[in-house]
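Peer 1: pasting the structure only:
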């Protein structure tokens, strides 16, 4: 168990020859055996890794396997297929690295036909409870057009890999204060998730989602998307935080949100947590209203 921890903790261990110089160690490499993989499989590339306060890591990686076939006739040179898949690995609470989720195996150059499983995975976000979240595309022969998931792109957490937290095509939750009171016309399509821009995973509550939302419209219309912020509360329920077009009470006046700024800092400061608290899950965003004024809004879940 101590050896497993040493794979990560030397990043902050003292250098005995020069105590002011940080120690450097390899956390993972393409030469490593693949946890949860076959003996003849190897890592070929890695995504952008994450590290938590316990020096535990999580990362996306691609795995390859080389297999040869006998030519026909036998005198022909054997050809080689490359079987590849991707997965997300993470350290558990004891520092042991495990495969958390993987994609279906594909064989180049043949396309995937039928079956159910993940086609793609994003880089994970990772909190101090060794829980991770990611955006994934689940392969299925059917599609999700209602609030029941049948395949497609969604946001998932390692706490529940059988059902996404949210998925493209799912009607978005609506705050009680912004429910439209007018009669909905025939053929009305409620607001729904159109795509996911970015996610975060605080230590309290659940995943935070920055998404493009297709607003409510009549079937056949193609309205422009609006950006929205959503977050799981402490009970795991997905709650709306703010959506462009919402109305907020600011300084005694009701103001309509024109644009939102959230998890969109410039590259020079993009890696720093700015719009949410990692420890409490509280959210901070900037709203620009249709009258040109702005406000910073803090959201705290009970």
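Peer 2: Happy to help now that I have it. Being a predicted model, the structure only gives us computed values, none of them experimental. Numbers count the residues shown, from 1 in each chain.
Peer 1: Geometric centre of the chain: which residue is closest?
Peer 2: Central residue of the chain (C-alpha atoms, centre = their mean): residue 134, 2.6 Å from the mean position.
Peer 1: Quick check: phi and psi on it?
Peer 2: For residue 134, the backbone dihedrals (degrees, to the nearest 10) come out as phi -160, psi 160.
Peer 1: How about residue 126?
Peer 2: Residue 126 has phi and psi values of phi -150, psi 130 when expressed as degrees, to the nearest 10.
Peer 1: beta partners for it?
Peer 2: Note on residue 126: beta-bridge partners by DSSP bridges are residue 132.
Peer 1: Let me know whether it touches residue 134 as I believe.
Peer 2: No - using C-beta atoms under 8 Å, residue 126 is not in contact with residue 134, being 9.7 Å away. For glycine as for every other residue, the C-beta is placed from the backbone atoms N, C-alpha and C.
Peer 1: All the helices of the protein, residue numbers only.
Peer 2: Assigned by DSSP state H, the helices in the chain fall at 2-6.
Peer 1: which sections of it are below the confidence cut-off?
Peer 2: 1-18, 66-81, 106-115, 140-147, 175-184, 265-267, 269-270 (pLDDT under 70).
Peer 1: try 50
Peer 2: 1-13, 68-71, 75-77, 79, 108-114, 144, 177-181 (pLDDT under 50).
Peer 1: so how far is residue 299 from residue 233?
Peer 2: Distance of residue 233 to residue 299, given as C-beta to C-beta, to the nearest Å: 11 Å.
Peer 1: If you could redo that for residue 250, that was the one I meant.
Peer 2: 14 Å.
Peer 1: for residue 254, same thing?
Peer 2: According to C-beta to C-beta, residue 254 and residue 299 sit 18 Å apart.
Peer 1: who has more neighbours, those two?
Peer 2: residue 299 (15 against 9; other C-beta atoms under 10 Å).
Peer 1: OK, contacts around the residue lying closest to residue 135 once chain neighbours are set aside?
Peer 2: Sequence neighbours aside, residue 122 is the residue nearest to residue 135 in space, at 4.1 Å (criterion: C-beta to C-beta, 6 or more residues apart in numbering). Taking C-beta atoms under 8 Å, 6 or more residues apart in numbering, we find residue 122 in contact with 47, 60, 134-136.
Peer 1: quick one on the thing from earlier: got the contact list for the residue nearest to the centre of the chain?
Peer 2: 60, 88, 101, 121-125, 155-156, 199.
Peer 1: which residues in the stretch 101-250 of the chain form strands?
Peer 2: 106-108, 117-121, 125-126, 132-139, 152-157, 166-167, 188-189, 192-200, 208-214, 217-218, 226-232, 238-243, 247-250 (DSSP state E, counting those that start in this stretch).
Peer 1: Can I get the ones you listed in TSV including distance to residue 38?
Peer 2: Converted to TSV, those look like this (distance: least, C-beta to C-beta, whole Å):
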stretch	distance to residue 38
strand 106-108	14
strand 117-121	17
strand 125-126	26
strand 132-139	21
strand 152-157	24
strand 166-167	31
strand 188-189	46
strand 192-200	31
strand 208-214	35
strand 217-218	49
strand 226-232	36
strand 238-243	37
strand 247-250	54
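Peer 1: What separation is there between the closest residue to residue 276 other than its chain neighbours and residue 53?
Peer 2: Leaving aside its sequence neighbours, residue 276 sits nearest to residue 283 (C-beta to C-beta, 6+ apart; 5.0 Å). The gap separating residue 283 from residue 53 is 20 Å, by C-beta to C-beta.
Peer 1: Just give me the neighbour total for residue 218.
Peer 2: Residues lying near residue 218 (other C-beta under 10 Å) number 12.
Peer 1: what's the burial count for the nearest residue to it once chain neighbours are set aside?
Peer 2: Residue nearest to residue 218 in three dimensions, not counting chain neighbours: residue 187, with 5.1 Å by C-beta to C-beta, 6+ apart. Per other C-beta under 10 Å, the neighbour tally for residue 187 reads 10.
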